[in-house]
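*Asks:* coords please:
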Amino acid sequence: MERDRVIIGIHGLANKPPADEKTRWWKAAIAEGLTRNEGLSDPDFLFEFVYWADLRYDTPLPVDDNREPYRPYDGDGPLPGGDEAPATTVKDVLAPVYAGIDRIEEATGVTLVDDLILEHRFDDLWHYHAEQGFARDVQARLIRRLRTYRHHRILLVAHSMGSVVAYDALRLLEREDPSLRVEHLVTAASPLGLAKVKLKFEAEHGALRVPDNVSAWTNLADGDDVVAIMGALDADYGPNDQSVRINDQRVVNRYQRPDGEPNHHKSYGYVRTPEFSRVARAYAEPVRHAVRSRPNRLLAGT
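*Replies:* Have a look, this model is predicted:
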């Protein structure tokens, strides 16, 4: 008997709208991609969302302060794929420069450049590295959700800083709960290529590699997304015991704010790319009513 399927998402940096709204928008963006890129009419899939912004912020992002709501992309038909990416992007210009800095920081263990980047541009990730209690609380939320769906085929989608949380949680689960498996991990807009992040992983988990409890790992990066400046991760993270390697894919994130300004880092843009839709298609078949009727645990801490 085939196991039920579930897509579990975890968000990244900065404060977010309320959990129920953020959950609806992620699911709507995934559904939009499945419809436009895969031709699914009214796609049906079980979706769960791991929300942790309340651990850093006293109140959710107010409506009037939210410059980046989910909005469907204009027009119809498939969205642009990675083969339509610009010939030259921010990554092509900056990645070689950062690669040199990265080698020096990894060799010396002194990460002054990354410290500056994290503290002033990626404040939440800096606190995640600096405050063990905060890090444990965020990891615990993801681990609880994974354990709830341990008997499902799990597609775990980790955006931005969420990919750091996901990697930590999966390496912890390797040791603490080795029978739990994630069928497919998708990281999007990931900072896992930063030297500071890699050094911390090595100190806590040993050699950088694909977690042994992951059966596939796809990494999505837009060339103009500065958070994912290194783009490809396969050279840094070796295969796991089942010879699973990272499948790096370049994508085009066409998210635009209501004022028309692009944001190549935005989660909604990533989860409606054709590259993500191809992965999510396997998790979008109808599921039994008994599973669908299970309420989404949208409250923080569940």
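
*Asks:* any low-confidence regions in this protein?
*Replies:* 1, 86-122, 229-231, 286-302 (pLDDT under 70).

*Asks:* just the strands from it, written as ranges.
*Replies:* Taking DSSP state E as the test, the strands found in the chain are 5-10, 47-50, 153-159, 184-188, 217-222, 246-251.

*Asks:* how about the ones you listed in JSON lines, adding distance to A166 and mean neighbour count?
*Replies:* All C-beta spots, glycine's among them, are computed from the backbone N, C-alpha and C. Shown next, in JSON lines, are the strands of the chain (distance: least, CB to CB, whole Å; neighbours: other CB atoms under 10 Å):
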{"stretch": "strand 5-10", "distance to A166": "6", "mean neighbour count": "24"}
{"stretch": "strand 47-50", "distance to A166": "9", "mean neighbour count": "23"}
{"stretch": "strand 153-159", "distance to A166": "4", "mean neighbour count": "26"}
{"stretch": "strand 184-188", "distance to A166": "7", "mean neighbour count": "26"}
{"stretch": "strand 217-222", "distance to A166": "10", "mean neighbour count": "26"}
{"stretch": "strand 246-251", "distance to A166": "13", "mean neighbour count": "21"}
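
*Asks:* relative to N263, which of those is closest?
*Replies:* When the strands of the chain are compared by CB to CB, strand 217-222 sits nearest N263, at 9.9 Å.

*Asks:* what packs against that closest one?
*Replies:* Where contact means 3 or more CB pairs under 8 Å, 6 or more residues apart in numbering; DSSP states H and E, strand 217-222 is packed against strand 184-188, strand 246-251, helix 267-270, helix 274-280.

*Asks:* re the thing from before, would JSON lines of the strands of the chain with distance to G206 be doable?
*Replies:* What follows is the strands of the chain, written out as JSON lines (distance: least, CB to CB, whole Å):
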{"stretch": "strand 5-10", "distance to G206": "23"}
{"stretch": "strand 47-50", "distance to G206": "25"}
{"stretch": "strand 153-159", "distance to G206": "20"}
{"stretch": "strand 184-188", "distance to G206": "18"}
{"stretch": "strand 217-222", "distance to G206": "17"}
{"stretch": "strand 246-251", "distance to G206": "17"}
